[in-house]
Each structure stands twice: as structure tokens, then as C-alpha cells.
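# Quick one: sequence and predicted model below, then my questions.
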Amino acid sequence: MMLDEARIARERLMCAEAAKLNVVEARELANKKYELRELVKVVKSLAERREWLQQGGVPLSRAPDVDKAKQLCDKILVRFIESPKNDTLVRNRGWINLLDALKAFKIEEETQQKQDWKEYFACKLFGGVPPEQRKQTLTLSLPVNKSAFERYEHMYRLVSQYKSAVPNSKEQLINVQTWSEQLAEINSEFVENDDVPVAVRAFFSATATTHGASLELLTEEVITWLRANNMLNNYAVRAR
């Protein structure tokens, strides 16, 4: 009787131990599944981004070699099908080597896409110069410049955020290309200081003050320039 109870107890203990091992095994496999899935998700995202960047006209260097990762994956898969256990994955550093290969590919592809994008941005897109620098060559009291500069500031902020950052979607790529074209158009609207006579700059500077410009500043040269630029009707004479 006691032997039977001892045998039953031993069998139950072995079952419990086996169940515990199964739980540990399942947890280990689940962790590896999650780890691999996250890496594959990033690699897939990079592959998709490569495709729509090229479709959008961005020249990209040749993609990194993925043969090593594929061979490791195939080898591990064959072994795991034969023996679906965690030990099969970690044997001979197979799992670690696979993850290292995928991580190396991810880093190389990310770096390459970023370098190619920065070159495309510098060569093909108009990024402008910082607004503070741009306004040094402008007379902002000139109405056309004041209006254009406000739009320039806004568009420059939109475009400049992608100077070093690769767009994360096809829509973002289209946006930055469109914004770059608009920024270039705005930049072409500016009347540079070199194009504005000294007398005209003095007149505009005075009009920007609280007292306004005196009649002495409204010389024949200023009137001629305002008329030539269709701006004469923008001003009127008022008594102080």
C-alpha cells in the first residue's frame, strides 16, 4: 500500500515537473517569437520605405546583402521542424547569430537610407537658409517682402525638419517635395536689398515707424520705383 502511494506520488511529481518544464519552454519560445517578430517588422518597414523612396524619385544605393541572414534562418527552420524545442534554436549560437545578422542588416540599411536621403535633400530639394539669415538681405518694411517672409518662415520650418530625417511615409515624402517647391517660389518673390535703391529703402524704413515717411523722402526716384513695381497706389499722404 505504501509502495503504491509512493509510486503515485512520484508519478505526480514527475508530471508536475514536466508541466513546469513545458511552461518554461513555452515562455522561452514565446520570447524568441516576439524578439524575432519585432526585428522582422523593422526590416520589412525599411524594405517598404526603400521601395516608395525610389518610386518618389530618391536615388538609393544598392541594398545591403541579406543572404547570410536568409541562410541562417533556413538552417534554423529545418532543425526546428525536426525538433521544435528551445534548445534547437540556441544550439551552436544559431539564434544569436541570426539576430546579429538581422540587426547588422537593419543598422546598415538605416544608415544607408539616411545618407542617400541627405544627399538627395541637398542636391534636389530647395531647403533655403534660416529665416534670421535670410532677412539680412531684405528690406522687411517693403510690403511684398513682409508678406513673403511670413510665409517663408512657416514653410522653412516644415521643410527643415526633413533635412536629416528620412520621411516615414509616402505621404511625408510628397509633402516635403511640395513644400520645397513652394519655399523656392516664395524665395523668388523677395526683392533683395541690392535691387532696392538707397532712397527707396530709406522711404520704406520711415513708413515702418510710428511717424511715417516725410514728403522729403518721397523723391522722384522713389515715386518712379514705386510706380514701376505697381506699389504707388499703396501709399497716401496724410497730415500729421
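Sure thing, it's come through.

# going forward, measure contacts and count neighbours with C-alpha atoms only.
OK.

# ranges for the strands of the protein?
Taking DSSP state E as the test, none of the chain falls into strands.

# show me where pLDDT drops low in it?
Counting by pLDDT under 70, the chain contains low-confidence residues at 1-23, 208-211, 240.

# the domain parsing of it - what is it?
With automatic domain parsing as the criterion, the domains of the chain are listed as 2-124, 126-191, 197-240.

# now, of these, which is deepest in the fold?
Here the criterion is mean neighbour count by mean count of other C-alpha atoms under 10 Å, and of the domains of the chain the winner is domain 126-191, at a mean of 17.

# distance between the ends of that domain?
Domain 126-191 has its terminal residues 19 Å apart, counting by C-alpha to C-alpha, to the nearest Å.

# That one: how far from the chain's middle?
Between the mean C-alpha point of domain 126-191 and the mean C-alpha point of its chain there is a distance of 17 Å (C-alpha atoms, centre = their mean, to the nearest Å).

# and what of stretch 114-134?
On the basis of C-alpha atoms, centre = their mean, stretch 114-134 sits 13 Å off its chain's mean C-alpha point.

# What's the end-to-end length of it?
27 Å.

# what does it rub up against?
58-61, 149, 152-153, 156, 159-160, 163-166, 177, 180-181, 183-184, 187 (C-alpha atoms under 8 Å, 6 or more residues apart in numbering).

# Can you tell me which of those end up in helices?
Assigned to helices by DSSP state H, the following of those qualify: 149, 152, 153, 156, 159, 160, 177, 180, 181, 183, 184, 187.

# Among these, give me the pair with the biggest separation.
By the measure C-alpha to C-alpha, the ones in helices among the contacts of stretch 114-134 have their two most distant members at 149 and 177, which lie 19.9 Å apart.

# circling back to that earlier point, got CSV for the ones in helices among the contacts of stretch 114-134, with distance to residue 76 too?
Formatted as CSV, the ones in helices among the contacts of stretch 114-134 follow (distance: C-alpha to C-alpha, whole Å):
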residue, distance to residue 76
149, 61
152, 56
153, 55
156, 50
159, 46
160, 45
177, 44
180, 48
181, 50
183, 53
184, 54
187, 58
